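# no sequence on this one, just coordinates:
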């Protein structure tokens, strides 16, 4: 079973279209979608309309929302800006197998790397098998 952590920008992009690819991700067998309160709130704050916020609320109601870890130690080889740390920390603490993000800063440093058991990928590059 893959535990797939969704970054705020992945959550943010999903409500823009009713037929967003994230809905298909949730239908994959052997894939459990998770996120954190921090990521969900960041996505919600940046959405432009009430209908988008409603779609986001519907989406987050169908996935596991794990506790936030705003502070903590990252593995020694990882250095992230303060705003990105809670995302990776929550993914690690939730025992995610994958972290899906479109964030260029995270991708630039961590893309296709496995950090404390969490593989960092773009959503388009994730395959459940």
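Everything's here; your move. None of these values were measured; they are calculated from a predicted model. Numbers count the residues shown, from 1 in each chain.
# mind checking how far stretch 32-48 is from the chain centre?
Distance, stretch centre to chain centre, for stretch 32-48: 8 Å (Cα atoms, centre = their mean, to the nearest Å).
# begin at 462 from now on, thanks
New numbering, starting at 462: the last item is stretch 493-509.
# list the buried residues of that stretch.
494-497, 499-501, 503-505, 508 (16 or more other Cβ atoms under 10 Å). The way it works is simple: take the backbone N, C-alpha and C, and place the C-beta from them, glycine included.
# now that stretch: mean pLDDT?
The pLDDT scores in stretch 493-509 average 93.
# tell me how far the ends of it are from each other?
Taking Cα to Cα, to the nearest Å, stretch 493-509 runs 28 Å from one end to the other.
# name the element the residue nearest to residue 577 when sequence neighbours are not counted belongs to?
Excluding its sequence neighbours, the residue lying closest to residue 577 (Cβ to Cβ, 6 or more residues apart in numbering) is residue 553, at 4.6 Å. Assigned by DSSP states H and E, residue 553 falls within helix 546-554.
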